[in-house]
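K.L.:
no sequence for this one, just the structure:
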């Protein structure tokens, strides 16, 4: 007579094998897709277009966070600044930094790539942000420092640019404010300073972006499948050991 428990264990074992055969390839594909997406979003210095001193490209918005209208307004302001003072400002947005890169190291490397000599660097400024972490950095040339001190430059990057981002990732407002302040300072006008920070009591619910929800769901599925692929074989083996007939019986 066939042992019913043995039949049950055989079925559980068959299910476990089927789950492994079906889900492990799926897990591999999902993990590979996530890794590929992460690396695809990362930007290196040489992924950006080449710009030289005198080039009329003022905004490089690879993260696609500035509207066309505002990009045109910012470019017009920076164009006029260059014509009137010779000081050139470039605004750069990227989605994600390469592994091991920081906003400061990336911006410095980009500054040296675009303007390789001290002469071409002298009147240049690059303001950069990576939108994955909202990390910011700014690099300026020697002549720029006579108008805009390192403290003011740091304030532009760490305060003027970031305050609107804390209030709902308002990138357009952030870059309009930053470009207005840079134009004022580099035109020899008094520094308007960073924006005033107003503390707000949050009374409404916090909503997650759809893209963040999708990423969270994908991660949850991967974790769940990995746990299932690990726990089911262990549970099967444990049950089998518990109900295995004793050799002395």
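P.N.:
Happy to help now that I have it. It should be emphasised that the depicted structure is a prediction, and the values quoted were computed from it without experimental measurement. Residues are numbered from 1 along each chain as shown.
K.L.:
going forward, measure contacts between C-alpha atoms and count neighbours the same way
P.N.:
Noted.
K.L.:
which residues does residue 192 contact?
P.N.:
Residues in contact with residue 192 (Cα atoms under 8 Å, 6 or more residues apart in numbering) are 181, 184.
K.L.:
how about it, secondary structure?
P.N.:
Under DSSP: H, G, I helix; E, B strand; the rest coil, the three-state class of residue 192 is coil.
K.L.:
Go ahead and confirm residue 191 touches residue 180.
P.N.:
No - counting by Cα atoms under 8 Å, residue 191 does not reach residue 180; the two are 10.2 Å apart.
K.L.:
Helices of this protein, residue ranges please.
P.N.:
Under the criterion DSSP state H, helices of the chain are mapped to 4-41, 68-85, 103-114, 118-121, 142-145, 150-155, 163-166, 171-186, 210-243.
K.L.:
and the first one, average pLDDT?
P.N.:
The reference is to helix 4-41. Across helix 4-41, pLDDT averages out at 55.
K.L.:
Give me the neighbour count for the nearest residue to residue 62 once chain neighbours are set aside.
P.N.:
Distance criterion Cα to Cα, 6 or more residues apart in numbering; nearest residue to residue 62, sequence neighbours excluded, is residue 94 at 5.1 Å. Look at residue 94: counted by other Cα atoms under 10 Å, it has 22 neighbours.
K.L.:
and residue 94, what does it touch?
P.N.:
For residue 94, the contacting residues are 43, 61, 62, 63, 128, 129, 130, 131, by Cα under 8 Å, 6+ apart.
K.L.:
ok, now how distant is it from residue 169?
P.N.:
The spacing between residue 94 and residue 169, counted by Cα to Cα, to the nearest Å, is 15 Å.
K.L.:
Show me what the closest residue to residue 54 other than its chain neighbours is bridged to.
P.N.:
Nearest non-adjacent residue to residue 54, counting by Cα to Cα, 6+ apart: residue 88, 8.0 Å away. Here residue 88 sits in beta bridges with residue 124, going by DSSP bridges.
K.L.:
Residue 88 and residue 52: what is the separation?
P.N.:
Residue 88 is 11 Å from residue 52, where distance means Cα to Cα.
K.L.:
And the two? Which one has more around it.
P.N.:
With neighbours defined as other Cα under 10 Å, residue 88 and residue 52 compare such that residue 88 has more, 27 against 13.
K.L.:
these two touch, right, the more buried one and residue 121?
P.N.:
No - Residue 88 is beyond contact range of residue 121, at 9.8 Å (criterion: Cα under 8 Å).
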